[in-house]
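# Next comes the sequence, and after it the predicted model I'd like to discuss.
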Amino acid sequence: MERNPPSSLSSNPSGPNASPSGKEDARRPRRAPPTPPPNRSLRDAAEIANTERTYLLNEVKLQRSHAFKAKERLKTFTEGPERDQLAIELDAQRAALEHERCDFRDQRAQFAARADDLEARVQKLTADEHKAATHARRRTAVCGAARRLGKDVSAAVGGSGE
């Protein structure tokens with residue numbers, strides 16, 4: 001249970017700072033609000049408050065204007081014929097890019113096939129060159145031996161000379 005129920009409110013404060021009699025509190029004047037500096041009158045304060053109010057109202061109007069303009073710019077991209085035209089252009093660009101990508105894939109496949117063909121040709125030419133070099137060395141060796149022996153070179157190389 002409470003010691004001081006709410007129904008028994010008294011004008012006497014209770015606690016360590018309480019004065020012994022309630023009559024002294026009634027005689028003591030209440031604390032007055034601080035007085036404004038002597039150079040500022042109520043009219044000056046009202047004028048300052050009005051200026052601040054006007055500034056804030058103008059700021060709110062400006063912010064609303066910015067929000068409205070942003071919303072209108074957004075509408076350009078989200079609705080109306082301009083958006084439809086932009087969507088059509090984007091779809092056309094997307095289709096063109098897809099077509100180019102397919103062309104690049106085809107070119108890459110063609111280049112890979114051509115590279116394989118060239119690699120095979122290089123290997124064939126290398127083998128032919130090796131065979132020709134081997135044949136030339138053999139022919140040079142046979143011709144040199146035939147000359148030393150005094151035989152006909154064409155018969156030595158061809159094999160059907162004698």
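Yep, that arrived.
# Please count neighbours and contacts with C-alpha atoms only from this point.
Fine.
# check which helix or strand covers His130.
helix 81-149 (DSSP states H and E).
# List the buried residues of stretch 84-96.
Within stretch 84-96, no residue counts as buried by 16 or more other CA atoms under 10 Å.
# what comes into contact with it?
The contact list for stretch 84-96, computed with CA atoms under 8 Å, 6 or more residues apart in numbering, is empty.
# repeat for stretch 65-77
Glu82, Arg83.
# Buried residues of it, list them for me.
Result for stretch 65-77 [16+ other CA under 10 Å]: no buried residues.
# send the alpha carbons of that stretch over as CSV?
Taking C-alpha atoms only, stretch 65-77 is exported to CSV below (Å, rounded to 0.1, in the frame of the first residue of the first chain):
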residue,chain,number,x,y,z
SER,A,65,9.0,21.5,-55.7
HIS,A,66,12.2,19.3,-55.9
ALA,A,67,10.1,16.2,-55.0
PHE,A,68,7.5,17.1,-57.7
LYS,A,69,10.2,17.6,-60.3
ALA,A,70,11.9,14.4,-59.5
LYS,A,71,8.6,12.5,-59.6
GLU,A,72,7.9,14.1,-63.1
ARG,A,73,11.3,13.1,-64.3
LEU,A,74,10.7,9.6,-63.0
LYS,A,75,7.3,9.4,-64.9
THR,A,76,9.3,9.9,-68.1
PHE,A,77,10.9,6.6,-67.6
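# Mind checking the pLDDT average for that stretch?
Averaging pLDDT along stretch 65-77 yields 85.
# Also stretch 124-140?
Rounded mean pLDDT across stretch 124-140 is 89.
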